[in-house]
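Trainee: Sequence first, then the predicted structure:
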Amino acid sequence: MYYRRKIILALLQSFEGELNKYRLQKLLFLFTRKQESKSFDFVPYKYGCYSFQANADLLTLCKYNLVTQDNDKWVCLDKNIYAEALKKEDKNILSTIKREYGEMSTEQLIKHTYQNYPYYATKSRIAEKILDNIELERISLQRREGTDTILFTIGYEGISLETYINKLLINDVRVLCDVRKNSFSMKFGFSKSQLSKACEGVGIQFLHIPEVGIISEKRKELHTQADYDSLFLNYTNTVLKEEKQKLKEILQLLKEQKRIALTCFEKNIHQCHRKHLAHTIEALNGFEYSVKHI
């Protein structure tokens, strides 16, 4: 079993075996704030700090009958004592979480995280109901609002879904354009339906534009930079010439939405077609903006 799932189970067990879904997310968030190397990443979501990975882990634990859902609660069914399986430092953190937050109600926990970690409340639907004007202003100051029109590109290789989404939010990306030919991924969170839902939850529009992707058969046997350069030369001379109308549509989208991002897998921009796609759009008549790889 993944160690991070043992943390979830230990947390549930330390709170009498059950927690509602909001309370669990907040307690897990506070737990990770005390870790030197965090077991979970979080994004600002509809009700504050939220981990997509933790939710996916809970659903997996349900499949193995270790956890069950009871309306809005997660209930631990496993009788093994998971606190005993934690590292010493994490076991100490668990005790601290129980001591410091065990008596707080769900609303108190939400308010506590909003007050102390205002960035994670920037997408909240309920902040105005539980915070005063000064606290709301602190949250407002955490919202990123870019004024320049920028065409971003971003790869998701080597980072979590939460880190990826935070990069988009910090750069005030308003539309994410998935430029993969096939938007399926073995990496959690990055298949089309998962990524689209994650974007929706933080207020980012998601579009899949497969027309400007590269078919998977052409991406085989790429061992050197020269192999990639040859692939992208062919891509520039075929797909990008054939899809001029689609490129113009992306440019129009940029003009309307101001800050959009082209996304694919590779971290290294020199080994991804999004670099050449972005630069071809940059060369179109009417492009008077910036290109930024994040």
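Mentor: Ah, there it is.

Trainee: Kindly provide the whole-number mean pLDDT of stretch 182-191.
Mentor: The pLDDT scores in stretch 182-191 average 95.

Trainee: mind checking the end-to-end distance for that stretch?
Mentor: Stretch 182-191 has an end-to-end distance of 9 Å (C-alpha to C-alpha, to the nearest Å).

Trainee: Lys246 and Pro210 touch, don't they?
Mentor: No - contact criterion C-beta atoms under 8 Å: Lys246 and Pro210 do not qualify, at 9.9 Å. From N, CA and C alone the C-beta is placed, and that goes for glycine too.

Trainee: More neighbours: which of these two?
Mentor: The residue with more neighbours, out of Lys246 and Pro210, is Lys246; 18 against 14, by other C-beta atoms under 10 Å.

Trainee: In contact with the more buried one: list those residues for me.
Mentor: Ile209, Glu211, Val212 (C-beta atoms under 8 Å, 6 or more residues apart in numbering).

Trainee: Of those, keep whichever come out buried.
Mentor: Ile209, Val212 (16 or more other C-beta atoms under 10 Å).

Trainee: okay, the contacts of Lys246 in TSV with pLDDT, distance to Gln35 and secondary structure next?
Mentor: Shown next, in TSV, are the contacts of Lys246 (pLDDT from 0 to 100; distance: C-beta to C-beta, whole Å; DSSP: H, G, I helix; E, B strand; the rest coil):
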residue	pLDDT	distance to Gln35	secondary structure
Ile209	98	38	coil
Glu211	98	43	helix
Val212	98	40	helix
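
Trainee: Sort out which one of the contacts of Lys246 lies nearest Asp229 for me.
Mentor: The shortest approach to Asp229 among those belongs to Val212, at 18.6 Å (C-beta to C-beta).

Trainee: Let me see the contact set for that closest one.
Mentor: By C-beta under 8 Å, 6+ apart, the residues touching Val212 are Val179, Val239, Leu240, Glu243, Lys246, Leu247, Ile250, His273, Leu277.
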